[in-house]
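Trainee: A predicted structure for the sequence below; I have some questions about it.
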Amino acid sequence: MIRVLRLIGVGVRTHVSYMSRSPIEITFAVLVPLVYATLAVYLFRAAGDPDRLLTASVGAGLMGIWGSVLFGSGGAVQNQRWLGTLETLVVAPTPLALVLLPITLATAVIGTYAMGATVLWGVLLFGVPLDFAHPLLFLVAVPVCVLALGMMGLLLAATFVLLRNANALANPLDTPVWLLSGLLVPVTVLPAWTHPVSWALPTTWGARAVHAATSGGDVITPLLTAAALGAGYALAAVLVLGRVERRARAAATLALA
Amino acid sequence: MLAIEADTLRRTYTSRTGWPRSRRTETEAVRGVTFEVKPGELFGLLGPNGAGKTTTIKMLNTLLLPTSGTARVFGHDVARDPVAVRRRIGYVFGGDRGLYDRLSALDNLRYFAELYGVAARDQKRRIAELLDLVGLVGREKERVEGYSRGMRQRLHIARGLLHHPDVLFLDEPSIGVDPVAARDLRRTVADLAAAGTTVLLTTHYMAEADELCDRIAVIAGGRIRALGTPGSLKSRVGDRDVLDIEAYGAGDEVIDRVRRVPGVRGASVEDRGAVQTVSVQTDRGAELHAPVLAAFDGVRLGRVVSREPSLEDAYIAIVEEAAGSAAPEGVPA
């Protein structure tokens, strides 16, 4: 167990430090959440909802985290392929799930910046007041949400191992997932048939917990649901990865060519 | 127990092209390869590009599943028991890729030490040992992106050795490496083999294979065409003499003319800028200087040297023979 925790710790540190040394990735990580935050604040203002500007900033932060996890997981597996490291990672005696988990967690950690940046952006540029309903619970809800998203990223990364052009799959998943998860607008405004999909996403519950901590409401129930669903996704990823690795070895998709 | 056993290994790649009606293309990269490697042996796998060398190595190191046939590493089946195989092997390949460029050598080795299960208390000592072995002491805190290809290659070897593997797969480790770095690399590999590590090496460099390998398998068109010690392979062309002729602008028609000279067993060309070295294999004692040089009619010639056949001549003879019997197309390496 200590070895596993150490492996995860060293892995997260390695990948965060690798990702944070790319000027282009840093630029995107810094700018995209700020664009989201600006759009969200203007949308909420235009809708005559000026009291919920903090919700807009927090929602934009969640979108930033999701974007980082989604493109980070797809991009990470693809990047390993480009770097030629995917084969050296797979040929290691460590289970593939434990190899990929630190990569997806690293993308979530980098995405966490988005939350701080969007809230700060709102305060500095639009004068959004920092009146969190449950400030301490907010500080708990965000990391749990990030972890749940990381687990979802792990399941995505499992499928991306099989696809040489994993990025192509990441693009169409971006907007639908943040819409279905209620990151910015409540899922109740969506058609009823979409609700079961929303409920199955840990992002929905993580976002509900974060929003409740921001503007009031039950935080604990959605928080625990997000954690449980995240664990479920992680378990599914571990189960899927055994098969995925075997298929990748059969289909020769671990290398670029 | 044998270190490596490959028994009628086959691997077919399937690709699809076109949309919406896709066309399925199957390419047989390895077509029934069988060989054994004893513990501590340094075994070479030689072959032209696309011969199936890398595919064979990737089946043995668990990165690819064989389409049919079996392979074992120290008794562990590569298809059914990949984790047990991975614990006992190291894999090093040539070229610039396979490392985290924006991290230092030390960070790369620390990360892979975790992945390869090196105990936390042993990591510092092991990494220091390996940095010393591959001559990177003093440069370990620099980012890999600033390393020369030779340094990257040495770092690759250090990475592959972190967990004291019993078998080391070296896939063209000296590709693109300068002669001095290649010599150091050969010394490192020889030392590893002397210390008891089983090494499976693929290379294009005949001198490297001749110097290092206990036994060599020549693979072409996905099949093993010859297997033996460097000496026994050389003896396959022992009944030949070789003429090395420097030529300037000898085209295919000239080389074909040389090949048609009675007593000539084969000819190969190596381009080195403006000058070409044409190696002509002839029957031993046939004294074919005059007719061979006459076949170069109209081509400016430089030095002409007569010599004993080398491993490279044996290799060329084997590969040309294989090319004459079957010519697979589009076979990936």
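Mentor: Good, I have the coordinates. Residues are numbered from 1 along each chain as shown, chains lettered A, B, ... in the order given.
Trainee: starting at the chain centroid, how far to stretch B:117-130?
Mentor: Stretch B:117-130 sits 30 Å away from the centroid of its parent chain (CA atoms, centre = their mean, to the nearest Å).
Trainee: and that stretch, what's buried?
Mentor: Neighbour counts over stretch B:117-130 (16 or more other CB atoms under 10 Å in any protein chain shown) mark B:118, B:123, B:126-127, B:130 as buried. Any C-beta I mention is one placed from the backbone N, CA and C, and that applies to glycine too.
Trainee: what is the rounded mean pLDDT of it?
Mentor: Across stretch B:117-130, the average pLDDT comes to 93.
Trainee: which residues touch the residue of the stretch 51-200 of chain A found nearest chain B?
Mentor: Per CB to the nearest CB, residue A:84 is where the stretch 51-200 of chain A lies closest to chain B, at 2.9 Å. Contact analysis of residue A:84 by CB atoms under 8 Å, 6 or more residues apart in numbering or on different chains lists A:255, B:93, B:95, B:97-99.
Trainee: want to try TSV for the buried residues of stretch B:117-130, with secondary structure and distance to chain A as columns?
Mentor: Listed next are the buried residues of stretch B:117-130 as TSV, based on DSSP: H, G, I helix; E, B strand; the rest coil; distance: CB to the nearest CB, whole Å:
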residue	secondary structure	distance to chain A
B:118	coil	10
B:123	helix	10
B:126	helix	15
B:127	helix	13
B:130	helix	15
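Trainee: which stretches in chain A count as helices?
Mentor: A:2-19, A:23-46, A:53-83, A:85-90, A:96-126, A:135-162, A:166-180, A:195-200, A:202-215, A:220-251 (DSSP state H).
Trainee: OK, contacts around residue A:185?
Mentor: A:59, A:179.
Trainee: what's the closest of the helices of chain A to residue B:180?
Mentor: Residue B:180 sits nearest to helix A:85-90 of all the helices of chain A, at 26.1 Å, using CB to CB.
Trainee: then the closest one to CSV, C-alphas only?
Mentor: As requested, the backbone C-alpha atoms of helix A:85-90 are provided in CSV (Å, rounded to 0.1, in the frame of the first residue of the first chain):
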residue,chain,number,x,y,z
THR,A,85,7.2,6.6,-23.5
LEU,A,86,3.9,4.7,-23.7
GLU,A,87,5.8,1.5,-24.6
THR,A,88,8.3,2.0,-21.8
LEU,A,89,5.4,2.6,-19.4
VAL,A,90,3.5,-0.5,-20.5
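Trainee: so which bits of the stretch 51-200 of chain A are right by chain B?
Mentor: A:82-85, A:87-95, A:99 (CB under 8 Å from any CB of the partner chain).
Trainee: got a ChimeraX select line for the buried ones in the residues you listed?
Mentor: Those of those that count as buried under 16+ other CB under 10 Å are selected in ChimeraX with:
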select /A:83,84,85,87,88,89,90,91,92,93,94,99
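Trainee: let's have the residues of the stretch 51-200 of chain A next to chain B in TSV, adding pLDDT and distance to residue A:42.
Mentor: Output for these, formatted as TSV (pLDDT from 0 to 100; distance: CB to CB, whole Å):
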residue	pLDDT	distance to residue A:42
A:82	82	37
A:83	84	39
A:84	86	44
A:85	89	42
A:87	88	47
A:88	90	47
A:89	90	43
A:90	89	46
A:91	91	50
A:92	92	48
A:93	92	52
A:94	91	47
A:95	88	46
A:99	89	42
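Trainee: that older thread, list just the nearest of the contacts of residue A:84 to residue A:199.
Mentor: Among the contacts of residue A:84, and counting by CB to CB, the member closest to residue A:199 is residue A:255, at 38.8 Å.
Trainee: could you give the number of residues near the closest residue to chain A within the stretch 151-300 of chain B?
Mentor: At 7.2 Å from chain A, residue B:159 is the closest residue in the stretch 151-300 of chain B, using CB to the nearest CB. Residue B:159: 25 surrounding residues under other CB atoms under 10 Å in any protein chain shown.
Trainee: repeat that for the one 5 residues further on.
Mentor: Residues contacting residue B:164 under the criterion other CB under 10 Å number 12.
Trainee: name the element it belongs to?
Mentor: Using DSSP states H and E, residue B:164 sits within no helix or strand.
Trainee: pLDDT at residue 217, what is it?
Mentor: No chain was given, so I picked chain A. 85.
Trainee: should've been chain B
Mentor: Residue B:217 carries a pLDDT value of 95.
Trainee: nearest residue to it other than its sequence neighbours?
Mentor: Take residue B:217 and drop its neighbours on the chain: the residue closest to it by CB to CB, 6 or more residues apart in numbering or on different chains is residue B:227, 4.5 Å away.
Trainee: also residue A:146?
Mentor: residue A:108 (4.5 Å).
Trainee: and the residue nearest to residue B:217, how many neighbours?
Mentor: Neighbours of residue B:227 using other CB under 10 Å come to 17.
Trainee: wait, is it part of a strand?
Mentor: Yes - according to DSSP: H, G, I helix; E, B strand; the rest coil, residue B:227 belongs to a strand.
Trainee: please verify my assumption that it contacts residue B:214.
Mentor: No - Residue B:227 lies out of contact with residue B:214 (CB atoms under 8 Å); the separation is 11.8 Å.
Trainee: low-scoring stretches of chain A, by residue?
Mentor: Residue ranges of chain A with pLDDT under 70: A:49-51, A:74-76, A:164-167, A:255-257.
Trainee: which residues does the helix or strand where residue B:184 lies contact?
Mentor: For residue B:184, the enclosing helix or strand under DSSP H and E is helix B:179-194. Under the criterion CB under 8 Å, 6+ apart, residues B:40-42, B:133-135, B:148-150, B:153-154, B:157, B:161, B:168, B:170, B:173-174, B:177, B:199, B:201, B:205, B:208, B:211-212, B:214 lie in contact with helix B:179-194.
Trainee: what about these, which are in strands?
Mentor: B:42, B:168, B:170, B:199, B:201 (DSSP state E).
Trainee: quick check: chain neighbours aside, which residue is closest to the last one?
Mentor: Put plainly, it is residue B:201. residue B:170 (4.6 Å).
Trainee: likewise for the first one?
Mentor: Once its chain neighbours are removed from consideration, residue B:42 has its nearest residue in residue B:193; the separation is 4.2 Å (CB to CB, 6+ apart).
Trainee: so which bits of the stretch 101-250 of chain B are right by chain A?
Mentor: The stretch 101-250 of chain B comes close to chain A at residues B:101-103, B:107, B:110-112, B:114-117, B:120, B:159, B:163, as judged by CB under 8 Å from any CB.
Trainee: dump the residues you listed to CSV, plus secondary structure.
Mentor: Shown next, in CSV, are these (three-state DSSP):
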residue, secondary structure
B:101, coil
B:102, coil
B:103, coil
B:107, helix
B:110, helix
B:111, helix
B:112, helix
B:114, helix
B:115, helix
B:116, coil
B:117, coil
B:120, helix
B:159, helix
B:163, coil
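Trainee: which of these sits closest to residue B:220?
Mentor: residue B:159 (30.7 Å).
Trainee: go ahead and confirm that closest one touches residue A:91.
Mentor: No - counting by CB under 8 Å, residue A:91 is not a contact partner of residue B:159; they are 10.8 Å apart.
Trainee: you'd agree residue B:268 is in a helix?
Mentor: No - counting by three-state DSSP, one finds residue B:268 to be strand, located in no helix.
Trainee: partners of it in the sheet?
Mentor: Bridge pairing for residue B:268 (DSSP bridges) gives the partners residue B:279.
Trainee: name the nearest residue to the residue in chain B that chain A sits nearest to, ignoring sequence neighbours.
Mentor: Residue nearest to chain A within chain B: residue B:97 (2.9 Å; CB to the nearest CB). The shortest distance from residue B:97 to any non-neighbouring residue, by CB to CB, 6+ apart, is to residue A:84 (2.9 Å).
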